[in-house]
Structures are given as C-alpha cells and as structure tokens.
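>>> Just a sequence and a predicted model for now, questions to come.
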Amino acid sequence: MEKHRSQLEKFSDLCKELGEKEANVALARVLANPVLTAPIIGPRKVEQLRDTIKAVEISLDEEIFCMLNNIFPGLGGKTPEAYAW
C-alpha cells in the first residue's frame, strides 16, 4: 500500500473532482478500453450491483484518460497500444 500511496491519492483526488466513486471510474476505464471484451464484477448485494451499474454512465474524455495513464502508466508503455495484439 505504501509503495503505491501517491498513485492512489492522485486517483482518489481525480475521482473526487469527477464526483464519482473510485471503483466506478476504474470500471468505466475498463469498459471504454476497446481491447478488453468484458470486465468481471462481483457484487454480493443488490445495492452493490446498482452502484456498479453507474459506471456505464460515466464518460471519460481524452483528457481524463491521459490523467489516468499518467497516474497508472502500465507496465509496457502507453495503454491500450502497448497491450493490443
């Protein structure tokens, strides 16, 4: 946790600016990535599912994607190009 605290704080601050929960922004990022076919979610309660569904309503523009890529650059370079086949 300490190793990634700076990244997590930046991500949390960005989510607060967007007025969204961190989990929903993360899921929105996955949903918007054309190289990923399906995220796996695991709600245990109906309330969790309802909250998670909000992720499909979040629109992340290019500026937000750049911010997310700067916070979490990935292992192999710029995403999604570095991971596309």
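Thanks, I have it.
>>> can you give me the helices for this protein?
5-18, 22-32, 46-53, 62-71 (DSSP state H).
>>> Which one, of the ones you listed, ends up nearest to residue 40?
helix 22-32 (9.6 Å; CB to CB). C-beta coordinates here come from the backbone N, C-alpha and C atoms, glycine included.
>>> Render the CA-only coordinates of that closest one in CSV, please.
Written as CSV, here are the backbone C-alpha positions of helix 22-32 (Å, rounded to 0.1, in the frame of the first residue of the first chain):
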residue,chain,number,x,y,z
GLU,A,22,-13.1,5.2,-7.5
ALA,A,23,-14.5,1.7,-8.3
ASN,A,24,-16.9,3.2,-10.8
VAL,A,25,-14.2,5.3,-12.5
ALA,A,26,-11.9,2.3,-12.7
LEU,A,27,-14.7,0.2,-14.2
ALA,A,28,-15.6,3.0,-16.7
ARG,A,29,-12.0,3.0,-17.8
VAL,A,30,-12.1,-0.8,-18.4
LEU,A,31,-15.4,-0.5,-20.2
ALA,A,32,-14.1,2.2,-22.5
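>>> what's in contact with that helix?
Outside helix 22-32, the residues that touch it by CB atoms under 8 Å, 6 or more residues apart in numbering are 11-12, 14-15, 18, 20, 36, 39, 41, 51-52, 54-56, 58-60, 65, 68.
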